[in-house]
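> Sharing a model prediction with you, sequence too.
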Amino acid sequence: MIKLEKTIILTVHYDASHGWIEIHNSLIKESKIKFSSCSYKNGSLCFLEEDSDAPKMINYLTENGYTIKYAEKDNGDRSGIREYNRM
């Protein structure tokens, strides 16, 4: 049996006081995890709050065989993510 490696690159967005991981909505639906209203969505992307929601998704991905790599994006003093709809 061939084992396929699944790698995902998560962008970590942060501003002066908070951070979020960006993840596609399809993985949110697949995980069936309930996320807090501290996370946001915009179109097909979700931005999971760093302290409570991001760890849930990271655990899910790890448990389901994903190798996780990270990229960082500094959103300045106040991220536009805060203006998106809450989950």
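Received, thanks. The model shown is predicted, which means the values in this text are computed figures rather than measured ones.

> Name the nearest residue to Arg78, sequence neighbours excluded.
Distances taken as C-beta to C-beta, 6 or more residues apart in numbering place Asp15 nearest to Arg78, at 5.5 Å, with adjacent residues excluded. In this view, the C-beta of every residue, glycine as well, is placed from N, C-alpha and C.

> Kindly report the same for Ile23.
Closest residue to Ile23 apart from its sequence neighbours, by C-beta to C-beta, 6+ apart: Cys46 at 5.5 Å.

> My read is that that neighbour contacts Cys38, right?
No: with contacts counted by C-beta atoms under 8 Å, Cys46 stays clear of Cys38, the gap being 11.9 Å.

> More neighbours: these two, which one.
Cys46 (24 against 16; other C-beta atoms under 10 Å).

> what's the following helix or strand after the lengthiest helix in the chain?
Taking DSSP state H as the criterion, the chain has its longest helix at helix 53-63. Following helix 53-63 in sequence order, the next helix or strand is strand 66-74 (DSSP states H and E).

> all strands for this structure, in order.
Assigned by DSSP state E, the strands in the chain fall at 6-14, 19-24, 40-42, 45-49, 66-74, 85-86.

> Mind exporting the C-alpha coordinates of the fifth one to PDB?
Right, strand 66-74. Backbone C-alpha positions of strand 66-74 (Å, rounded to 0.1, in the frame of the first residue of the first chain) are rendered in PDB as follows:
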ATOM      1  CA  TYR A  66      -1.200  16.100   7.600                       C
ATOM      2  CA  THR A  67       2.300  17.600   7.800                       C
ATOM      3  CA  ILE A  68       1.900  21.200   8.700                       C
ATOM      4  CA  LYS A  69       4.100  24.000   7.500                       C
ATOM      5  CA  TYR A  70       3.600  27.700   8.400                       C
ATOM      6  CA  ALA A  71       4.000  31.000   6.700                       C
ATOM      7  CA  GLU A  72       3.600  34.300   8.600                       C
ATOM      8  CA  LYS A  73       1.900  37.500   7.500                       C
ATOM      9  CA  ASP A  74       2.100  40.700   9.500                       C
END
